[in-house]
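In: sequence first, then the predicted structure, then my questions.
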There are 2 protein chains.
Amino acid sequence: MKRKCLEENQCPIARSLNLVGDWWTLLIIRDAFSGVRRFGDFQKQLGIAKNILSTRLKSLVEDEILKISYEVEGGHGEYLLTEKGKALLPVLVTLAQWGEAHTVWPSEGSQVVDAVNLQPLRLVQLVAQDGRVLLPDEIATKMLSSDSR
Amino acid sequence: MKRKCLEENQCPIARSLNLVGDWWTLLIIRDAFSGVRRFGDFQKQLGIAKNILSTRLKSLVEDEILKISYEVEGGHGEYLLTEKGKALLPVLVTLAQWGEAHTVWPSEGSQVVDAVNLQPLRLVQLVAQDGRVLLPDEIATKMLSSDSR
């Protein structure tokens, strides 16, 4: 599932995709945000084969995106998002906003909303340090060596 | 590569992943943002097998994320991002910001910056219609039927 060639890639997008760059992984994280915690519940939600789910969950725990909690009565382990995992929410929301705008809605479709008033969020904007909203051609990449960080 | 089961999924994240949910696809789009346009240049940048690249580019054109332009001298087709493709930039930037914060930087690593002053962007925030910055547990999903949209 992972690719050695991406692990030490100079580009942070490539390094991120190495950890979360497949359908199932991001859908598991999505379900964790919506409160799914148990192996069987992930399986039911996603309609995913046990062995595929098991591999993905194991990787997500190894990569410290999920952690296993055994604090629940009954002894079943539960998968919880770590802080590193919760930090993926903007990735999921931008994917959701793109999907809402650019894919065909089914007859019943879900939308990401503000939990307080159930209104859609503002569209995510890319903003410079001085507050300018940036368009695609106003964004670049620069190289940093380890001693300049 | 695509999964029929995701195409008509109620969740816009799942529908988006159906179109852009693999490493190569998102890396091709990343390179398109940085100005790569030709088959051979994508291949060189990504170190990807011709047949894999060819399949991904074909899908991206079919899904109207890339378009082929034949307007260049010499007759070589060039792959350009459509508006739908350009709308994926927030997904790439949130992946980059997560990777910058949560993966191990190599000795030389790239960073997404403001093209004007080469400073990093502000971290993407999730904002409600009334301007509140939303935390993970302040975000929900709601179902919409086709006649309420």
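Out: Happy to help now that I have it.
In: how about the strands of chain A, start to end?
Out: A:66-69, A:78-81, A:108-114, A:139-145 (DSSP state E).
In: Throw these into JSON lines and include mean neighbour count, thanks.
Out: C-beta here means a position set from N, CA and C on the backbone, and glycine is covered the same way. Shown next, in JSON lines, are the strands of chain A (neighbours: other C-beta atoms under 10 Å in any protein chain shown):
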{"stretch": "strand A:66-69", "mean neighbour count": "16"}
{"stretch": "strand A:78-81", "mean neighbour count": "18"}
{"stretch": "strand A:108-114", "mean neighbour count": "20"}
{"stretch": "strand A:139-145", "mean neighbour count": "16"}
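In: tell me the centre residue of chain A?
Out: residue A:88 (4.3 Å; C-alpha atoms, centre = their mean).
In: report the contact partners of that residue.
Out: A:20, A:29, A:65, B:98 (C-beta atoms under 8 Å, 6 or more residues apart in numbering or on different chains).
In: now do it, the pLDDT please.
Out: As predicted, residue A:88 sits at a pLDDT of 97.
In: isn't residue A:108 up against residue B:143?
Out: Yes: counting by C-beta atoms under 8 Å, residue B:143 is a contact partner of residue A:108 at 5.8 Å.
In: residues shared between the contacts of these two?
Out: residue B:10.
In: and residue A:47, how far from residue B:114?
Out: 42 Å (C-beta to C-beta, to the nearest Å).
In: possible to save the strands of chain A as JSON lines with distance to chain B and mean pLDDT?
Out: Listed next are these as JSON lines, based on distance: least, C-beta to the nearest C-beta, whole Å; pLDDT from 0 to 100:
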{"stretch": "strand A:66-69", "distance to chain B": "13", "mean pLDDT": "96"}
{"stretch": "strand A:78-81", "distance to chain B": "8", "mean pLDDT": "96"}
{"stretch": "strand A:108-114", "distance to chain B": "4", "mean pLDDT": "92"}
{"stretch": "strand A:139-145", "distance to chain B": "4", "mean pLDDT": "90"}
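In: for residue B:71, find the nearest of those strands.
Out: Shortest distance between residue B:71 and those, using C-beta to C-beta, is found for strand A:139-145: 24.9 Å.
In: name the helices or strands packed onto that closest one?
Out: Strand A:139-145 sits against strand B:108-114, with contacts defined as 3 or more C-beta pairs under 8 Å, 6 or more residues apart in numbering or on different chains; DSSP states H and E.
In: count of neighbours near the closest residue in space to residue A:8 that isn't next to it in sequence?
Out: Counting by C-beta to C-beta, 6 or more residues apart in numbering or on different chains, residue A:8 lies nearest to residue B:106, which is 4.8 Å off, once chain neighbours are set aside. Using other C-beta atoms under 10 Å in any protein chain shown, the number of residues around residue B:106 comes to 16.
In: could I get the strands of chain A as CSV with distance to residue A:124?
Out: Shown next, in CSV, are those (distance: least, C-beta to C-beta, whole Å):
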stretch, distance to residue A:124
strand A:66-69, 24
strand A:78-81, 20
strand A:108-114, 11
strand A:139-145, 14
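In: among the ones you listed, which comes closest to residue B:135?
Out: Nearest of the strands of chain A (C-beta to C-beta): strand A:108-114, 11.2 Å.
In: for that closest one, the distance to its chain's centre please.
Out: For strand A:108-114, the separation from the chain centroid amounts to 17 Å (computed by C-alpha atoms, centre = their mean, to the nearest Å).
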